[in-house]
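J.: model this:
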Amino acid sequence: MPQTVIPDIVLSSEERQALEGLTRAGRGRADLARRARIILKLAGGASYQDLERGLGESSRTIGKWKRRFLEARVDGLNGRYRGNTATVLTPQLEARILAWTRKPPTDGSTHWSTRKLALALKLSSHTFVQRAWQRAGLQPHRLERYMRSTDPDFETKAADVIGLYLDPPQHAAVFCLDEKTAIQALDRLDPVLPLSPGRAERHGFEYRRHGTLSLYAAFNTRTGEVIGQTAPRHTSDDFLAFLTQVVDVQPRRREIHIILDNLATHKTQKVRTFLATHPRVHLHFTPTYSSWLNQVELWFAKIERDILGRGIFTSVADLRRKILRYIRRYNDAPKPIRWAYADPSHRIA
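T.: So this is what the prediction gives:
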């Protein structure tokens, strides 16, 4: 039976340039560089024995890559076996990682982790995914929520509120008013272990409830001072009592503008009657689902961080006393909120 003769290799100038480039690529794949050297040596007239001595390759390996090159030329030198993993984060691999990141995971979970995506893509290390995400600014583990206002008069109402912040009426007082409801008086059953070097403050898991109360607060946008009052509930009568307190602390002829949300207790007949007998008081309602426009919400977040979130209260009366003490101490050095646009080109008309 006649033996099959494998033809000699003849390279074009483009093929020779591509093969020499593979051998010189310092950060390229070492296996591709070895295969390119085999083809260049064979094209130069070297024998199998010469390659075995010079490159340390077996005759079987030399014949394999010679046949692959004759079949597909330079592209034939790429590996065909399953499980060939990348060792360099190429633009093609990075684009593939980012495309998979935008699709939901196949196991039913909500988002990818670096190791989970590396396993799905059969990568040798999860650091490929980590570097691709870092370059693209992607953080799949993070979630940000937003509230979309459905108010058809959003721009008109928002412009009214923002105008009171940026250009308030002369000689008028502007207050942001709201209530923080159902504040719990929680008492820990176990002693609090104080913080120490290398260890955070620790609270026991179990607690005792002593009841709840509501806090009404009016934030003066010019001075930063807060008028506060607690109540067992948040009814229209409680709201009117606090509104009366806010009006009473102002000079008799001063115009008072109050920014508040659309709670039902703010729009009852009793409130309308109060406004009719106090013509210098003007209510400005924020758009629906737009509590972020009310500056007093920022102050509520502050009191939550400072005393309510980690406080220990032995009774509702103790909770009330500590809240009012906090307000008095805060008013010793109040700070107004500096309302500004991050991007003036996005202003509401």
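
J.: For the rest of this, base every contact and every neighbour count on C-alpha atoms.
T.: OK.

J.: residues in contact with stretch 125-136?
T.: Outside stretch 125-136, the residues that touch it by Cα atoms under 8 Å, 6 or more residues apart in numbering are Leu89, Glu94, Ile97, Leu98, Thr114, Arg115, Leu117, Ala118, Leu119, Gln139.

J.: can I assume Cys181 sits in a helix?
T.: Small correction: residue 181 is Thr, not Cys. No - read with DSSP: H, G, I helix; E, B strand; the rest coil, Thr181 is strand and lies in no helix.

J.: I'd say it and Ser214 touch.
T.: Yes - with contact defined as Cα atoms under 8 Å, Thr181 and Ser214 form a contacting pair (4.3 Å).

J.: These two: which is more packed in?
T.: Using other Cα atoms under 10 Å as the criterion, Thr181 and Ser214 rank with Ser214 on top: 19 against 16.

J.: and that one, what does it touch?
T.: Contacts of Ser214 by Cα under 8 Å, 6+ apart are Glu179, Lys180, Thr181, Ala182, Ile183, Thr230, Ala231, Pro232, Arg233, His234.

J.: The fifth one and His234, how far apart?
T.: What it means is Ile183. Distance from Ile183 to His234, counting by Cα to Cα, to the nearest Å: 12 Å.

J.: For Thr181 and Ser214, list the residues in contact with both.
T.: Arg233, His234.

J.: Is there a quick ChimeraX command that grabs whichever of the contacts of Ser214 are buried?
T.: Filtering those down to the buried ones (16 or more other Cα atoms under 10 Å) takes a single ChimeraX command:
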select :179,181,183,230,231,234
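
J.: ok, of the contacts of Ser214, which one's closest to Thr150?
T.: Nearest to Thr150 among those: Glu179, at 22.4 Å, using Cα to Cα.

J.: before we move on, what SS does the closest residue to that closest one other than its chain neighbours have?
T.: What sits nearest to Glu179 in space, not counting adjacent residues and going by Cα to Cα, 6 or more residues apart in numbering, is Tyr216, at 4.4 Å. Three-state assignment for Tyr216 (three-state DSSP): strand.

J.: residue contacts, Tyr216?
T.: Shown in contact with Tyr216 (Cα under 8 Å, 6+ apart): Leu177, Asp178, Glu179, Lys180, Gly228, Gln229, Thr230, Ala231, Phe239, Phe242.

J.: switch the cut-off to 10 Å
T.: Tyr216 makes contact with 177-181, 226-231, 234, 238-239, 242-243 under the criterion Cα atoms under 10 Å, 6 or more residues apart in numbering.

J.: Now do the strands in the stretch 151-300 of the chain.
T.: With DSSP state E, counting those that start in this stretch as the criterion, the stretch 151-300 of the chain has strands at 173-188, 207-220, 226-231, 256-260, 281-285.

J.: looking at those strands, which is buried most?
T.: Highest mean neighbour count among the strands of the stretch 151-300 of the chain (mean count of other Cα atoms under 10 Å): strand 256-260, with a mean of 22.

J.: angle of that strand against strand 173-188?
T.: 40 degrees (axes from the mean of the first three to the mean of the last three Cα atoms, to 10 degrees).
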